[in-house]
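Chemist: just a sequence and a predicted model for now, questions to come.
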Amino acid sequence: MTALLTSKQPVKEMAVLEPAGARTPKRRRRRHTVKKRLLITLVGGLALLCILPILLVYVLALKPQITTCGDLLRAADYPQVVHLQAAGQEMEAVQLVDNLAGASQAALVQVANHMGPRTLDVYIFGCTMRRQRPQLTRLFTQQGLVQGTVELTSEHTLITKALDTRLSAGLIPFLQPLQQNVYHEYAWQQNSFVQVPFPGFYPVTSRAEANALQQSADDGQNMPWNDPVTTALQMSKDLLQWFPDPQAQVLSRTEDTAVISLTRQSPHVVLVVTLKQLVQHDSAGLWFVTDARTRGMLLTNPGTLDQPLAISQSSPIHFSGASALLDGQTTATLFDHTLAPISQATDIPLQVHRDSSYAGTLSYANLASGQQGVLLIKSMPKAENFASESGQMLLTGVILT
């Protein structure tokens, strides 16, 4: 019997070897794919470079082109122009205005500051054409107005308001809220904004206060300044301390102008007061004193007798004048915007020359700059000459810079 022998060892499978050239098609396909991708990327990049300028031109064509000053004033990035600080500042308003800076349009920009006491910054921007392109021009800047506001008037002027932080603490309780502020009025003159005086100096020294008084009167509040004679008499009490009332006589009166003489007996003084309706020109309009002087009394620039004293003055104020009393007491007093005498500029003696001309100097300090006050020149006879000599005086508005 024949036995079949079996091996317990597994039979090794023979590996089938591929010919060397069998993988070549796959490698070629991979290389072809890479080249194809590179080619597509290259073509796409070239196409993008060709299309990008077209897209850029298209986008620019969609964006409005700024070619005029009006376009620029409307589209300007004012927060960037004024360097607005994100922390502590806020753009309150941007207002386009006509006839403020001459015939050209301008932009009034207000920025509120909230760091520390509330203050206001005010800017006015105009526009000029340079090489046929509009460019912003800063025309006006006022910064740090404490509790400030700004308003435009029907006279095409700009009025800023700021709290007077230099008022004495003892005076504040006796003032009305409006009197605690300093008002500056600016007008466009000779291609720039300049501060202009309010024509009146009593009962208030600014247009903003005069407008507020007139509004209160229109709302039914009873005021003494709706009659020129009453206004003149009240001024003699408030500024000159005349008691009892002097004799008043109407020298002339038109629709909006009145001239009143006030005669005081001891010492004898005849003060001629000119008043005008500066806000409202009708029967309900209030009256404001624009000039008050005895006849012949002059106030001039120092060293002259024919050049009126300039309205804007800085400390020390030098001045001259005429018609003072040779043997009297001639003094000068300066009132601030609240119509209170300035302590260091009250009853300052003046030098009187033999020809009755006079000269003097007034100094002041620690006042809010640019406020409008009143200058009083007074030449009174000595007591023994009351019966033979008349007193001379003059009051006028002055801006204290």
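Modeler: Sure, I can see it.
Chemist: any idea which residue sits dead centre in the chain?
Modeler: residue 160 (3.9 Å; C-alpha atoms, centre = their mean).
Chemist: quick check: it touching residue 123?
Modeler: No: at 11.6 Å, residue 160 does not count as touching residue 123 under the criterion of C-beta atoms under 8 Å. All C-beta spots, glycine's among them, are computed from the backbone N, C-alpha and C.
Chemist: for residue 373, see how far away the residue nearest to the centre of the chain is.
Modeler: According to C-beta to C-beta, to the nearest Å, residue 160 and residue 373 sit 17 Å apart.
Chemist: ditto for residue 285
Modeler: 24 Å.
Chemist: which residues does the closest residue to residue 371 other than its chain neighbours contact?
Modeler: In space, and not counting its chain neighbours, residue 371 is closest to residue 337: 4.1 Å by C-beta to C-beta, 6 or more residues apart in numbering. By C-beta atoms under 8 Å, 6 or more residues apart in numbering, the contact list for residue 337 reads 164, 179, 182, 183, 205, 206, 368, 371, 372, 373.
Chemist: need those residues in TSV (columns: distance to residue 90, pLDDT and neighbour count).
Modeler: Output for these, formatted as TSV (distance: C-beta to C-beta, whole Å; pLDDT from 0 to 100; neighbours: other C-beta atoms under 10 Å):
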residue	distance to residue 90	pLDDT	neighbour count
164	24	98	20
179	29	95	21
182	24	98	27
183	24	98	24
205	32	97	27
206	27	97	24
368	25	97	18
371	28	98	21
372	31	98	27
373	34	98	23
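Chemist: what's in contact with stretch 103-110?
Modeler: Under C-beta under 8 Å, 6+ apart, the answer for stretch 103-110 is 69-70, 73, 76, 78, 82, 91-98, 100, 120-127, 139, 150, 152, 158.
Chemist: if you set the cut-off to 7 Å instead, what comes out?
Modeler: Residues from elsewhere that reach stretch 103-110, judged by C-beta atoms under 7 Å, 6 or more residues apart in numbering: 69-70, 73, 78, 82, 92-98, 100, 120, 122-126, 139, 150.
Chemist: buried among the residues you listed? Make that a PyMOL selection.
Modeler: One line in PyMOL is enough to select the buried ones among these; burial here means 16 or more other C-beta atoms under 10 Å:
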select buried, resi 69+73+78+82+94+100+120+122+123+124+125+126+139+150
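Chemist: now, the contacts of stretch 103-110 that are in strands?
Modeler: Taking DSSP state E as the definition of strands, the contacts of stretch 103-110 contribute 92-98, 100, 120, 122-126, 139, 150.
Chemist: isn't residue 349 right up against residue 331?
Modeler: Yes: using C-beta atoms under 7 Å, residue 349 is in contact with residue 331, at 5.7 Å.
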